[in-house]
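Q: I need the structure of the sequence given here:
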Amino acid sequence: MRADITRRAWEQIATAGASALSLNAIAKQMGMSGPALYRYFASRDDLITELVREAYRSLADTLREAAAAGADLSGLAHALRDWALTDPQRYFLVYGTPVPGYQAPADTTAISSEIMTTLLDACAALPQAGATSSLGSHLEDHRGWAAGHPAPPGALHRFLAFWTRMHGVLSLELSGHFTGMGFDPALLFAAELDELNG
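A: As a prediction, the model looks like this:
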């Protein structure tokens with residue numbers, strides 16, 4: 001029953017967005033009363049949390065499997081893009097505009113940290129630049145976000161550059177902002193990766 005509810009929730013999000021998610025509407029689709037559905041999810045936020053966990057777990061598993069198969073940072077980036085293109089609403093739930101009034105519990109942060117660790121490992125495996133940038137020096141003293149990862153400052157800098165640029169391109173592509181511009185977003189994505197790895 002929970003799996004059926006979450007499947008219908010994903011369908012509703014794909015149609016109207018996460019902020020319009022309604023347990024009563026899902027209950028009606030299923031021929032149930034709203035209170036009956038609340039036996040499975042106590043609130044809309046509980047259902048959103050389940051969806052966020054599913055999305056983060058799916059991406060964490062995708063990246064872990066790619067890394068285990070030998071993917072470097074570029075390979076992980078392409079795995080991230082493929083994952084996002086397969087289900088844009090899943091991507092937007094975790095990396096898009098926050099759902100008004102929703103606060104994710106701490107355990108979802110733990111799953112997202114697995115994603116960060118996989119990517120930081122790939123950044124740390126790359127040759128490090130000789131001189132540390134001013135941002136790299138700053139990050140050495142402000143690395144709490146890295147959840148204890150021992151990556152050197154240059155790898156932290158590379159990770160943040162990777163994270164912001166890849167998500168920037170992906171978010172614009174998935175939102176349709178490149179439509180009609182006449183170029184292939186996959187080539188832009190690859191060019192950004194080349195520049196980061198250069």
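
Q: please point out which parts of the lowest-mean-pLDDT helix or strand in the chain sit buried.
A: For the chain, scoring each helix and strand by mean pLDDT, DSSP states H and E identifies helix 134-141 as the least confident one, at a mean of 80. By neighbour count, and taking 16 or more other C-beta atoms under 10 Å as the criterion, the buried residues in helix 134-141 are 136, 139. All C-beta atoms are positioned from the backbone trio N, CA, C, and that covers glycine.

Q: could you tell me the angle between the next helix or strand along the chain from that helix and helix 134-141?
A: Beyond helix 134-141 on the C-terminal side, the first helix or strand identified by DSSP states H and E is helix 153-174. Relative orientation of helix 153-174 and helix 134-141, computed by axes from the mean of the first three to the mean of the last three C-alpha atoms, to 10 degrees: 110 degrees.

Q: and the lengthiest helix in the chain, which residues are buried?
A: For the chain, the helix that runs over the most residues, judged by DSSP state H, is helix 44-68. Buried residues in helix 44-68, counted by 16+ other C-beta under 10 Å: 44-45, 47-56, 58-60, 62-64, 66-67.

Q: for stretch 16-31, same thing?
A: For stretch 16-31, the buried set under the neighbour-count rule, 16+ other C-beta under 10 Å, comprises 18, 21, 23, 25-27.

Q: which residues are contacting the longest helix of the chain?
A: Where contact means C-beta atoms under 8 Å, 6 or more residues apart in numbering, the residues beyond helix 44-68 that reach it are 2, 5-6, 9-10, 13, 18, 21-23, 41, 75-76, 79-80, 83, 90-91, 93-94, 99, 101-105, 107-108, 111-112, 114-115, 118-119, 121-122.

Q: so what's the gap between it and the chain middle?
A: Going by C-alpha atoms, centre = their mean, to the nearest Å, the spacing between the C-alpha centre of helix 44-68 and its chain's C-alpha centre is 8 Å.

Q: same question for stretch 34-48.
A: Mean-position distance between stretch 34-48 and its chain equals 24 Å (C-alpha atoms, centre = their mean).

Q: for that stretch, C-alpha coordinates in PDB please.
A: Only the C-alpha atoms of stretch 34-48 are listed here, as PDB (Å, rounded to 0.1, in the frame of the first residue of the first chain):
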ATOM      1  CA  GLY A  34      -8.300  10.800   3.600                       C
ATOM      2  CA  PRO A  35      -8.200   9.400   7.200                       C
ATOM      3  CA  ALA A  36      -7.600   5.900   5.900                       C
ATOM      4  CA  LEU A  37      -4.500   7.100   4.000                       C
ATOM      5  CA  TYR A  38      -3.200   8.700   7.100                       C
ATOM      6  CA  ARG A  39      -2.700   5.200   8.600                       C
ATOM      7  CA  TYR A  40       0.200   4.800   6.100                       C
ATOM      8  CA  PHE A  41       1.600   8.400   6.100                       C
ATOM      9  CA  ALA A  42       0.800  10.600   9.100                       C
ATOM     10  CA  SER A  43       1.100  13.800   7.100                       C
ATOM     11  CA  ARG A  44       2.000  15.300   3.700                       C
ATOM     12  CA  ASP A  45       5.500  15.900   5.100                       C
ATOM     13  CA  ASP A  46       5.900  12.300   6.000                       C
ATOM     14  CA  LEU A  47       5.100  11.300   2.400                       C
ATOM     15  CA  ILE A  48       7.500  14.000   1.100                       C
END
